[in-house]
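Peer 1: got a structure for you, letters missing:
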């Protein structure tokens, strides 16, 4: 798992159940909804793949970035998001829509619905393992996922409200 992914897990105080050859992992798709900020619920992890539920409050967003050591995808479980590319590309995705992002693909997104955005995120090892950074901004410099530069805000949980 790339270092920036581990950093987010450590910052959030959560760890995915670890699976290995011959050891399946059973998980439940459940995450608390937010009134502000963003959160991550790790679901399962192996040496080469990991899955999370990510929740963004309405209006939540991140900054244009790429993952150099990871192929990953998002599936919208609830809410809507607009994904943007570095050259003006734009795609609005809703429930059950998905996007695949190969390593080194620059993107950002914005939670554009009034309800919180709930995403399934699945990542796998890819790209150049020797690249010094696993997550970079459009300028090529490091852009940690949990940084203010990436518009990270701590989660404000909605009491008693869950995606499940």
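Peer 2: That came through, no problem. Please read all numbers here as calculations on a predicted model, not as lab measurements.
Peer 1: what lies in contact with the helix or strand where residue 34 lies?
Peer 2: Using DSSP states H and E, residue 34 maps to strand 31-36. Contact with strand 31-36 is made by 39, 41, 53, 55-57, 60, 115-116, 118, 153, 155-158, 161-164, as judged by CB atoms under 8 Å, 6 or more residues apart in numbering. C-beta here means a position set from N, CA and C on the backbone, and glycine is covered the same way.
Peer 1: change it to 7 Å
Peer 2: 39, 41, 53, 55, 57, 116, 118, 153, 155-158, 161-163 (CB atoms under 7 Å, 6 or more residues apart in numbering).
Peer 1: model confidence for the residue of the chain most remote from its centre, exactly?
Peer 2: Largest separation from the mean C-alpha position in the chain: residue 22, at 26.9 Å (CA atoms, centre = their mean). What the model reports as pLDDT for residue 22 is 78.
Peer 1: same deal with residue 48?
Peer 2: So residue 48 comes in at 86 (pLDDT).
Peer 1: show me what the closest residue to it other than its chain neighbours is bridged to.
Peer 2: Nearest non-adjacent residue to residue 48, counting by CB to CB, 6 or more residues apart in numbering: residue 125, 5.0 Å away. Under the criterion DSSP bridges, residue 125 forms beta bridges with residue 70.
Peer 1: just give me the neighbour total for residue 125.
Peer 2: As a burial measure, residue 125 scores 16 neighbours (other CB atoms under 10 Å).
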